[in-house]
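[1] Show me how the following folds:
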Amino acid sequence: MSEFDYVVVGAGSSGCVVANRLSEDGRHQVLLLEAGPRDNYIWIHIPIGYGKTMFHKSYNWGFYTDPEPNMQNRQIYWPRGRGLGGSSSINGLIFIRGQSDDYDHWAQLGNAGWDWKSVLPYFKKCEHNSRGASATHGGDGPLWMSDIREKHELMEAIIRGGEELGVPRTGDFNSGNQEGVGYFQLFTRNGWRNSSAAAYLKPVRDRANLKVETDAHATGLVFEGRKVVGVRYRQGGVERVVRAAREVILSAGALQSPQLLQLSGIGPAETLRRNGIEVVHDLPGVGQNLQDHLQFRLMFKVSKPVTTNDDLRTLFGQARIGLKWLLTGNGPLGIGINQGGLFTKILPGSKTPDIQFHFGTLSADQAGGKPHDWSGCTFSVCQLRPESRGVVEIKSADPMEAPSMRPNYLAAETDRICAVEAIKYARRLAATDALKPYIESEYKPGAAVRSDAEILNYARENGATIFHPVGTCKMGTDAMAVTDASLRVHGIANLRVVDCSIMPTITSGNTHAPAVMIAEKAADMILAAARQDAAAA
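    Predicted coordinates:
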């Protein structure tokens with residue numbers, strides 16, 4: 001048994017940030033536990049390696065949902081990062097903060113200090129934007145956000161098509177006002193992926209007060225009454241215990257943070273007792289409030305050989321884009337799958353964008369799958385603020401067994417309406433004059449799918465996660481809240497949750513940037529509490 005001031009569970013998007021910041025001034029001993037391996041796999045670091053890690057058994061948890069009743073009882077694949085960097089080591093690299101209204105709404109729900117004005121400084125603190133600093137962006141933070149330097153012929157046509165539909169071209173989706181169509185900025189640095197591990201962990205690995213343990217699977221919390229004093233974990237087949245003199249911080253993500261709480265006796269009492277776990281604290285919201293972005297992928301055959309499918313089809317093409325990346329950091333290998341996006345509103349009551357597109361200059365039958373042997377592109381569209389809510393709960397007392405995941409997609413009528421209208425909007429975009437020289441035909445859903453009922457059926461049969469589960473340890477003051485506005489677990493001392501599970505409502509877009517912001521803000525709160533304790537002593 002060893003002891004640290006802070007034990008952080010999970011070296012993902014948030015955990016790497018927390019471990020860095022808590023060890024920064026050298027005063028605190030910090031241990032970071034990660035269930036997966038080190039991030040030594042080369043395809044983690046090459047942006048297009050997304051396709052190599054999507055089903056990797058070592059670097060991906062490879063979860064599946066329970067059969068989804070509103071999705072033809074399909075079990076939907078949920079990839080989650082495993083190893084240093086977590087999902088930031090396998091995601092689509094896209095820099096999206098969300099809308100200012102997202103955070104103002106959190107504050108309106110009773111979470112003081114989480115409004116847009118309050119969180120913006122933390123977004124800026126983390127950010128090393130390739131454009132430099134500005135009123136809304138940071139220029140010298142650890143995490144790089146880079147422009148796509150080369151214009152793409154097909155993406156330019158998509159942007160013109162969006163303008164035909166009344167959506168303005170934008171160069172910045174991250175000012176708080178998202179509406180527009182344009183290129184994404186990516187979490188890359190000189191053509192390489194800039195994960196949380198690369199940005200926050202690698203530069204500080206030599207700190208004497210920071211220890212990182214990989215292949216260390218947390219199995220439960222250690223208590224003295226209702227005070228957390230340590231973590232149990234399994235490493236190399238050996239059960240170990242580490243004590244935390246100050247706090248334990250759970251950053252295991254929206255699926256495994258609630259799982260670890262429940263395994264430790266914190267959660268809905270009925271769920272715990274059903275699985276033979278002694279109830280330490282009956283906290284009914286643990287695992288509830290699960291939210292995710294459900295994507296619908298429309299694929300088109302392209303009449304010109306301008307797609308990434310064409311680049312990858314031959315050995316010569318692969319060698320050419322490989323050489324280009326090696327020499328310049330540009331091209332498909334340095335970008336990944338999705339080059340640009342579009343945010344707009346399609347529901348009558350929406351005051352801000354309610355759907356997001358990811359435009360890929362590549363097509364495959366499934367995300368991360370083998371590209372088609374013809375020129376193709378993908379319009380992936382999702383509803384930004386779904387009303388459907390799901391649940392994560394343990395299946396047994398075995399910490400190595402994946403939890404039950406029930407997102408409950410399309411349960412809400414608004415979500416079903418939005419799915420149909422989003423697919424219809426994607427078709428209108430593909431039919432614009434700007435895209436007529438490029439779109440040869442619709443591969444999926446295909447011409448046979450026309451009526452609203454047929455479109456909804458397509459959504460049920462083909463909809464899939466866009467990898468943004470959140471909300472299962474939500475912060476708030478109501479009876480179903482798990483944490484307070486300082487991310488401390490209600491009713492338990494010395495325990496916080498710091499990851500996307502604390503979101504009361506999902507942000508409008510990709511969730512890596514918000515996960516980093518949450519961790520930056522949490523680290524400030526944790527250190528402030530330590531200073532107060534020191535002053536009081």
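[2] In this structure, where is pLDDT below threshold?
    Scanning the chain for pLDDT under 70 picks out 1.
[3] surely residue 263 meets residue 231?
    No: using CB atoms under 8 Å, residue 263 makes no contact with residue 231, being 11.5 Å away. Every residue, glycine included, has its C-beta placed from N, CA and C.
[4] shared neighbours, those two?
    Common contacts of residue 263 and residue 231, defined by CB atoms under 8 Å, 6 or more residues apart in numbering, comprise residue 220.
[5] Just the element for residue 518, please.
    helix 512-536 (DSSP states H and E).
[6] quick one: the helices in the stretch 351-500 of the chain?
    For the stretch 351-500 of the chain, helices defined by DSSP state H, counting those that start in this stretch occupy the ranges 413-430, 452-462.
[7] what's the last one packed up against?
    Helices and strands touching helix 452-462, by 3 or more CB pairs under 8 Å, 6 or more residues apart in numbering; DSSP states H and E, are strand 294-302, helix 413-430.
[8] go again using 6 Å as the cut-off
    Secondary-structure packing of helix 452-462 (3 or more CB pairs under 6 Å, 6 or more residues apart in numbering; DSSP states H and E): helix 413-430.
[9] Give the other helices and strands that the helix it packs on contacts.
    Helix 413-430 sits against strand 376-383, helix 452-462, with contacts defined as 3+ CB pairs under 6 Å, 6+ apart.
[10] mind listing what's buried in it?
    Buried residues in helix 413-430, defined by neighbour count with 16 or more other CB atoms under 10 Å: 414-423, 425-427, 429-430.
[11] May I see the helices of the stretch 351-500 of the chain organised as TSV, with distance to residue 506 added?
    TSV is the format used below for those (distance: least, CB to CB, whole Å):
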stretch	distance to residue 506
helix 413-430	12
helix 452-462	18
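[12] To residue 402, which of those lies closest?
    Shortest distance between residue 402 and the helices of the stretch 351-500 of the chain, using CB to CB, is found for helix 452-462: 23.7 Å.
[13] Could you list the residues in contact with the closest one?
    71-72, 296, 419-420, 423, 445, 449 (CB atoms under 6 Å, 6 or more residues apart in numbering).
[14] Can you point out the buried residues in that helix?
    455-456, 458-460, 462.
[15] any chance of these in JSON lines, with distance to residue 87 too?
    Output for the buried residues of helix 452-462, formatted as JSON lines (distance: CB to CB, whole Å):
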{"residue": "455", "distance to residue 87": "30"}
{"residue": "456", "distance to residue 87": "30"}
{"residue": "458", "distance to residue 87": "28"}
{"residue": "459", "distance to residue 87": "25"}
{"residue": "460", "distance to residue 87": "26"}
{"residue": "462", "distance to residue 87": "23"}
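[16] between those, which is closest to residue 337?
    Nearest to residue 337 among those: residue 462, at 17.6 Å, using CB to CB.
[17] and the gap between the closest one and residue 292?
    Distance of residue 462 to residue 292, given as CB to CB, to the nearest Å: 16 Å.
[18] now residue 13
    Distance from residue 13 to residue 292, by CB to CB: 16 Å.
[19] Repeat that for residue 154.
    From residue 154 across to residue 292, the span is 29 Å (CB to CB).
[20] Please identify which of those two sits among more neighbours.
    residue 292 (26 against 22; other CB atoms under 10 Å).
[21] My guess is that one contacts residue 407. True?
    Yes: at 5.1 Å, residue 292 counts as touching residue 407 under the criterion of CB atoms under 6 Å.
[22] Go ahead and confirm residue 311 touches residue 322.
    No: the pair residue 311 / residue 322 is not scored as a contact, 9.9 Å apart, by CB under 6 Å.
[23] who's more crowded, those two?
    Counted by other CB under 10 Å, residue 311 and residue 322 do not tie: residue 311 has more neighbours, with 23 against 16.
[24] give the contact list for the more buried one.
    317, 321, 332.
[25] between these, which is nearest residue 91?
    Closest to residue 91 out of these is residue 332 (17.0 Å), distances taken as CB to CB.
[26] quick one, phi psi at that closest one?
    phi -50, psi -40 (degrees, to the nearest 10).
[27] hang on, the earlier thing: among the helices of the stretch 351-500 of the chain, which is nearest residue 362?
    Closest of the helices of the stretch 351-500 of the chain to residue 362 is helix 413-430, at 15.8 Å (criterion: CB to CB).
[28] Convert the C-alpha atoms of that closest one to PDB, please.
    Extracted C-alpha coordinates of helix 413-430, given in PDB (Å, rounded to 0.1, in the frame of the first residue of the first chain):
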ATOM      1  CA  GLU A 413     -41.000  12.500 -30.200                       C
ATOM      2  CA  THR A 414     -38.900  15.600 -30.800                       C
ATOM      3  CA  ASP A 415     -35.900  13.400 -31.500                       C
ATOM      4  CA  ARG A 416     -37.800  11.300 -34.100                       C
ATOM      5  CA  ILE A 417     -39.000  14.400 -35.900                       C
ATOM      6  CA  CYS A 418     -35.500  15.900 -35.900                       C
ATOM      7  CA  ALA A 419     -34.000  12.600 -37.300                       C
ATOM      8  CA  VAL A 420     -36.400  12.800 -40.300                       C
ATOM      9  CA  GLU A 421     -35.900  16.500 -40.900                       C
ATOM     10  CA  ALA A 422     -32.100  16.200 -40.600                       C
ATOM     11  CA  ILE A 423     -31.900  13.500 -43.200                       C
ATOM     12  CA  LYS A 424     -34.200  15.500 -45.500                       C
ATOM     13  CA  TYR A 425     -32.000  18.600 -45.000                       C
ATOM     14  CA  ALA A 426     -28.900  16.500 -45.900                       C
ATOM     15  CA  ARG A 427     -30.600  15.500 -49.200                       C
ATOM     16  CA  ARG A 428     -31.500  19.200 -49.900                       C
ATOM     17  CA  LEU A 429     -27.800  20.100 -49.400                       C
ATOM     18  CA  ALA A 430     -26.700  17.300 -51.700                       C
END
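[29] hmm, who's touching that helix?
    Here helix 413-430 makes contact (CB under 6 Å, 6+ apart) with 161, 296, 298, 346-347, 355, 379, 381, 383, 386-388, 410, 439, 452, 455-456, 459.
[30] can you rerun that using 8 Å?
    The contact list for helix 413-430, computed with CB under 8 Å, 6+ apart, reads 158, 161-162, 165, 294, 296, 298, 300, 342, 344, 346-347, 354-355, 357, 379, 381-383, 386-388, 409-410, 435, 439, 442, 445, 452, 455-456, 458-459, 463.
[31] With stretch 474-494 instead?
    For stretch 474-494, using CB under 8 Å, 6+ apart, the contacting residues are 106, 109-114, 226-229, 244, 246-248, 258, 261, 266, 280-281, 283-286, 288-289, 472-473, 495-498, 501-504, 518, 522, 525, 529.
[32] In helices, which of those appear?
    The helices, defined by DSSP state H, take in 106, 258, 261, 518, 522, 525, 529 from the contacts of stretch 474-494.
[33] Pull the most distant pair out of those.
    Farthest-apart pair in those is 258 and 529; separation 23.4 Å (CB to CB).
[34] Distance check, residue 342 against residue 448.
    Applying CB to CB, the value for residue 342 to residue 448 is 26 Å.
[35] neighbour-wise, which of those two wins?
    The neighbour comparison of residue 342 against residue 448 (other CB under 10 Å) goes to residue 342, with 28 against 7.
[36] Would you check that that one makes contact with residue 163?
    No: here residue 342 does not reach residue 163: they are 10.3 Å apart, not a contact under CB under 8 Å.
[37] Hmm, residue 120 is touching residue 136, no?
    Yes: Residue 120 is within contact range of residue 136, at 6.9 Å (criterion: CB under 8 Å).
[38] which neighbours do these two share?
    residue 176.
[39] more crowded one of these two?
    Counted by other CB under 10 Å, residue 120 and residue 136 do not tie: residue 120 has more neighbours, with 20 against 15.
[40] returning to that earlier point: any shared contact partners between residue 292 and residue 407?
    Contacts common to residue 292 and residue 407, judged by CB under 8 Å, 6+ apart, are 390, 465, 469.
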